[in-house]
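Engineer: no sequence on this one, just coordinates:
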């Protein structure tokens, strides 16, 4: 049809004259009425819409997402995915152009500039959605209550305690304030409250200026009165307002209190202090959940406190993913949090001299920094030569493995854990074990070698692990036969031949339309990169780090290296989404069900598995695997 459609606006401004005629021939102009729904969640879109007159709003449930003015296009995301997830409603009477999906798909295939601009628009839309998700999460946090926050312990001292003793408490308990009791009351203290004041690190300045030796200066006269507090049922945003209003950086939290406004002196008949709410914790909760988990881990004095922190990690992962954070960034954060968790657990379980004379390390996806949701434990312990460990070392290691299992990290079915004596040796003895893996290779020893190469130190003397890793690179030089046998594991799931690997992997799953991503994509990609890195004696442990090093060494083309990294991150995202869905349903596992993928993800899955197939061909040629 002949229209006054504007071809000078992106993405249509890059079309050829023939392509413009094709668009012109298939455009249809439709009248809109206020309140009309153009696209609803779950619908399969048959057209791409370009607004000519009026205004259209995009909604996610009851939440507004975006406004479209004349010239705006929607919904390209639904068009490519095959299913709409949002509702598009006309705000006023107007007109909209409709372009059939088949024409849009043809333009994407024939005009790369059109495709690039279309996908750039989609990326902007996805970024906007991610930003809106972040705003929604912030709104939910501001509606959270004080009793949803992990409070700091309230430490109470007598008013006659000297300043030096208080400072020792600050250092030993990792706190910045104490409550002061028994000062005989204070003029500004309400009579309904006990005679409690607060002394903080800021008060040390006043103490020093007194000119009295600190071990003879008592804390009572230097305490601040009255206490400013909130109830556990108050909202966090109200607590922040109280801090601002009273110009304080910490609040006392009362377990029970009579009704009253936040910030007023609480008036319980039998007051009970639940803890202290610090300003830094409150602000961090409103901006960065991971800080609070880190603080919980570092401040933990027993395994029960660590258990509470470990339970928050999966929640953070879900929040970050829904907020649009890339999986690579989530994985880096998870590796850091898990390392802190494991380090603190080992410090709580093991004596200080054992911690100082050993190196606790993790392996597998945890060691590579590619773990997202909690998986099996893969860890080991190397001891300093000449050090005599405690007689109950086995019991110590058993407690550590049991603690991790309690945190949600299941025991490894292959017993690759430090409570297994095979993965716990002095440095020299461990070195002999590594040499046996290399010089007398078996399927089991090569598997152990592959797992060990990904080792990452989390606690103790990391130099011990580096010395042990050096044994591998010292013996692998120019050992082509060993490298070939090591690399051959990429075909561990190809027993029926490469041509049927896709169908066989599908059939091996409990559902006919499910796929084990580890077998089909992640393992051959990760292990293939690991084999190339070993052949080049590269020290990196992460797959991305290894790919970058291989590209820099001209062992992989830069474009293909980028494809491998993108494929890995796509596999990680699919696995994460399946795992989060399983967790929400109260299930374990997280196998990817092909029928639940969007049309776009199914296409991307085909493309990324094709990248893995090409990579396996490259590896077969590089290591002469067909000659084995």
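Structural biologist: Perfect, thanks for sending it. Worth saying up front: this structure is predicted, and the values here are computed from it rather than measured.
Engineer: which residues of the stretch 251-400 of the chain fall in strands?
Structural biologist: Per DSSP state E, counting those that start in this stretch, the stretch 251-400 of the chain carries strands over the ranges 273-278, 358-362, 379-383.
Engineer: Compare the ones you listed and say which comes out lowest on pLDDT.
Structural biologist: Note on the strands of the stretch 251-400 of the chain: lowest mean pLDDT is at strand 273-278, with a mean of 88.
Engineer: Help me confirm that residue 59 is found in a helix?
Structural biologist: No - with DSSP: H, G, I helix; E, B strand; the rest coil as the criterion, residue 59 is strand rather than part of a helix.
Engineer: ok, so what distance separates it from residue 91?
Structural biologist: Counting by Cβ to Cβ, to the nearest Å, the gap from residue 59 to residue 91 is 11 Å. All C-beta atoms are positioned from the backbone trio N, CA, C, and that covers glycine.
Engineer: And residue 317, by the same measure?
Structural biologist: Distance from residue 317 to residue 91, by Cβ to Cβ: 37 Å.
Engineer: and if you look at residue 49?
Structural biologist: 14 Å.
Engineer: returning to that earlier point: quick one: the strands of the stretch 251-400 of the chain as TSV, columns for mean neighbour count too.
Structural biologist: Output for the strands of the stretch 251-400 of the chain, formatted as TSV (neighbours: other Cβ atoms under 10 Å):
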stretch	mean neighbour count
strand 273-278	21
strand 358-362	26
strand 379-383	26
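Engineer: any chance of the ones you listed in CSV, with distance to residue 372 too?
Structural biologist: Output for the strands of the stretch 251-400 of the chain, formatted as CSV (distance: least, Cβ to Cβ, whole Å):
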stretch, distance to residue 372
strand 273-278, 30
strand 358-362, 15
strand 379-383, 18
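Engineer: what's the closest of those to residue 238?
Structural biologist: Counting by Cβ to Cβ, residue 238 lies closest to strand 273-278 out of these; the figure is 11.3 Å.
Engineer: Can you name every helix or strand that that closest one contacts?
Structural biologist: strand 250-254 (3 or more Cβ pairs under 8 Å, 6 or more residues apart in numbering; DSSP states H and E).
Engineer: report the angle between the axes of the strand it packs on and strand 273-278?
Structural biologist: If you take axes from the mean of the first three to the mean of the last three Cα atoms, to 10 degrees, strand 250-254 sits at 160 degrees to strand 273-278.
Engineer: Direction included, what does strand 250-254 pair against?
Structural biologist: Using DSSP bridges, the strands paired with strand 250-254 in its sheet are strand 229-231 (parallel), strand 273-278 (antiparallel).
Engineer: got the phi/psi numbers for residue 159?
Structural biologist: Dihedral angles of residue 159 (phi, psi; degrees, to the nearest 10) stand at phi -60, psi -20.
Engineer: I figured it hits residue 220, correct?
Structural biologist: Yes - under the criterion of Cβ atoms under 8 Å, residue 159 makes contact with residue 220 at 2.9 Å.
Engineer: Quote the end-to-end distance of stretch 22-34.
Structural biologist: End-to-end distance for stretch 22-34, by Cα to Cα, to the nearest Å: 30 Å.
Engineer: cool, stretch 197-216 as well?
Structural biologist: Taking Cα to Cα, stretch 197-216 runs 20 Å from one end to the other.
Engineer: what do you get for stretch 452-469?
Structural biologist: Taking Cα to Cα, the first and last residues of stretch 452-469 lie 8 Å apart.
Engineer: buried stuff in that stretch?
Structural biologist: Under the neighbour-count criterion of 16 or more other Cβ atoms under 10 Å, stretch 452-469 has 452-461, 464-465, 467-469 buried.
Engineer: now, among the residues you listed, which is nearest to residue 352?
Structural biologist: Using Cβ to Cβ, residue 460 comes nearest to residue 352 of the buried residues of stretch 452-469, at 10.8 Å.
Engineer: Spit out the contact partners of that closest one.
Structural biologist: Residue 460 is in contact with 346, 355-360, counting by Cβ atoms under 8 Å, 6 or more residues apart in numbering.
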